[in-house]
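Colleague: the following block contains a protein sequence and its predicted model.
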Amino acid sequence: LHHGPKSRPTADKKRAFDRLLPAILRACRKHRLIGSALCVAIDSTCLEDHHASRHYLHRIGRTKHYSNYPKLTLAVDVDTHLILAALPGRGPNNDAPYFPPVLRAAHQQVNIKQVLADMGYDSEAHHVLCRSLGIRRSVIAVNKRGRRVWPKAKYRRQLQRCTSPRRRQSSSR
């Protein structure tokens, strides 16, 4: 009695979010909670997989080094904070490989006009992917990688030119 049936319920639960999301988005469109073209932010976060948080263990003097923990990458509508795509993974690792699958999953659900991301996703390939999906504006913070030189790649250089402090001061005069 303690052990349930094997594999069937677990397989159904694993893709519950993927089946639920289109219904949620249909309801949001019906009630006009989301627009026709959205500004989407993409970011990752690490989660605790232990009953005591890392902060608590550090506070009581029992630090534990986590080498493998749950990680979640989300694509979220900036205006409504509605989750458009989610991709679970394991950390610690680089955020950049999670960008294309999450962006494609969000793009299948909604029309995206702009993508925002932090320095962890800085790559010319990500800007090119956005353009290939019809997203005209991708604002991904440029990672200077320790040097004060202008990026050589087309979209990264364009973004750096637009966000440069010197450029903003001269354009406001």
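Modeller: Cool, got the structure.

Colleague: make it CA atoms for all contacts and neighbour counts henceforth
Modeller: Fine.

Colleague: average model confidence for stretch 92-99?
Modeller: Here stretch 92-99 scores 89 as its mean pLDDT.

Colleague: and that stretch, which residues are buried?
Modeller: By 16 or more other CA atoms under 10 Å, the buried positions in stretch 92-99 come out as 95, 98-99.

Colleague: ok, now stretch 45-59?
Modeller: Those would be Arg54, for stretch 45-59 by 16+ other CA under 10 Å.

Colleague: straight-line length of that stretch, end to end?
Modeller: Length of stretch 45-59, first residue to last, CA to CA, to the nearest Å: 22 Å.

Colleague: with stretch 118-125 instead?
Modeller: 15 Å.

Colleague: circling back to that earlier point, wait, which of the buried residues of stretch 92-99 is closest to Val40?
Modeller: Phe99 (12.1 Å; CA to CA).

Colleague: residue contacts, that closest one?
Modeller: Listed by CA atoms under 8 Å, 6 or more residues apart in numbering, the contact partners of Phe99 are 42, 121, 126.

Colleague: do that again at 7 Å, thanks
Modeller: Tyr121 (CA atoms under 7 Å, 6 or more residues apart in numbering).

Colleague: off-centre distance for stretch 73-80?
Modeller: Distance, stretch centre to chain centre, for stretch 73-80: 8 Å (CA atoms, centre = their mean, to the nearest Å).

Colleague: what's it in contact with?
Modeller: With CA under 7 Å, 6+ apart, stretch 73-80 has contacts from 38-45, 82-88, 98, 102-103, 106.

Colleague: would you mind putting the buried residues of stretch 92-99 into a markdown table with secondary structure and distance to Ala117 alongside?
Modeller: Rendered in a markdown table, the data for the buried residues of stretch 92-99 read as follows (DSSP: H, G, I helix; E, B strand; the rest coil; distance: CA to CA, whole Å):
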| residue | secondary structure | distance to Ala117 |
| --- | --- | --- |
| Asp95 | coil | 10 |
| Tyr98 | helix | 12 |
| Phe99 | helix | 9 |
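
Colleague: that older thread, where strands are concerned, which of the contacts of stretch 73-80 count?
Modeller: 38-45, 83-88 (DSSP state E).
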